[in-house]
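**Q** Next one to model:
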Amino acid sequence: MKSGGCDLPWHRRSNGFRFLRQFIEYGLKDKMAVIGGMTALDEPWLRNMGRRGAGFVTPAGIPPELDNPAQQAFAEAFRKQFKYDPGYYAGGTTLSGQILEAGLKDREGKCGRTKKR
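**A** Just a heads-up that it's a prediction; the model follows:
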């Protein structure tokens, strides 16, 4: 990759996992760093790789290890229900649902077009 001039391979979902597996198999892990985006290297993917996933950097949007009561409660409930760690998509969709729920409560469940204010 380095000799071919490739500086930025872009992968998402399970392709990021496949890329990392091949990256390791070709002996590149100790030769160059991989910094992945949230969709390329979601936290659960790295954890599922075990020791092979150690050392890769990902900017997790909502890391399960975040040390605050709300995140710890969310991660614990998610693990209990789904049997794996929450990642970018789990946190993002949960937050989106919470925003939608708050909006519906504010509107007393009434949806639809309203007159402009």
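**Q** what sits against Leu41?
**A** For Leu41, the contacting residues are 16, 20, 34, 56-58, by C-beta atoms under 8 Å, 6 or more residues apart in numbering. The way it works is simple: take the backbone N, C-alpha and C, and place the C-beta from them, glycine included.
**Q** excluding its backbone neighbours, what's nearest it?
**A** Thr58 (4.0 Å; C-beta to C-beta, 6 or more residues apart in numbering).
**Q** roughly how far apart are Met49 and Phe23?
**A** 11 Å (C-beta to C-beta, to the nearest Å).
**Q** for Glu76, same thing?
**A** Noted for Glu76: a distance of 32 Å to Phe23, by C-beta to C-beta.
**Q** which one of those two has more residues nearby?
**A** Just comparing Glu76 and Phe23: by other C-beta atoms under 10 Å the higher neighbour count belongs to Phe23, 18 against 12.
**Q** which SSE is the more buried one in?
**A** Using DSSP states H and E, Phe23 sits within helix 14-25.
**Q** what about dumping the CA coordinates of that helix to PDB?
**A** Provided in PDB are the C-alpha atoms of helix 14-25 (Å, rounded to 0.1, in the frame of the first residue of the first chain):
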ATOM      1  CA  SER A  14     -17.800  -5.100   7.600                       C
ATOM      2  CA  ASN A  15     -15.400  -4.000   4.800                       C
ATOM      3  CA  GLY A  16     -13.400  -2.200   7.500                       C
ATOM      4  CA  PHE A  17     -13.100  -5.400   9.400                       C
ATOM      5  CA  ARG A  18     -12.000  -7.300   6.300                       C
ATOM      6  CA  PHE A  19      -9.400  -4.500   5.500                       C
ATOM      7  CA  LEU A  20      -7.900  -4.700   9.000                       C
ATOM      8  CA  ARG A  21      -7.700  -8.500   8.800                       C
ATOM      9  CA  GLN A  22      -5.800  -8.300   5.500                       C
ATOM     10  CA  PHE A  23      -3.700  -5.400   6.800                       C
ATOM     11  CA  ILE A  24      -2.500  -7.600   9.700                       C
ATOM     12  CA  GLU A  25      -2.100 -10.700   7.500                       C
END
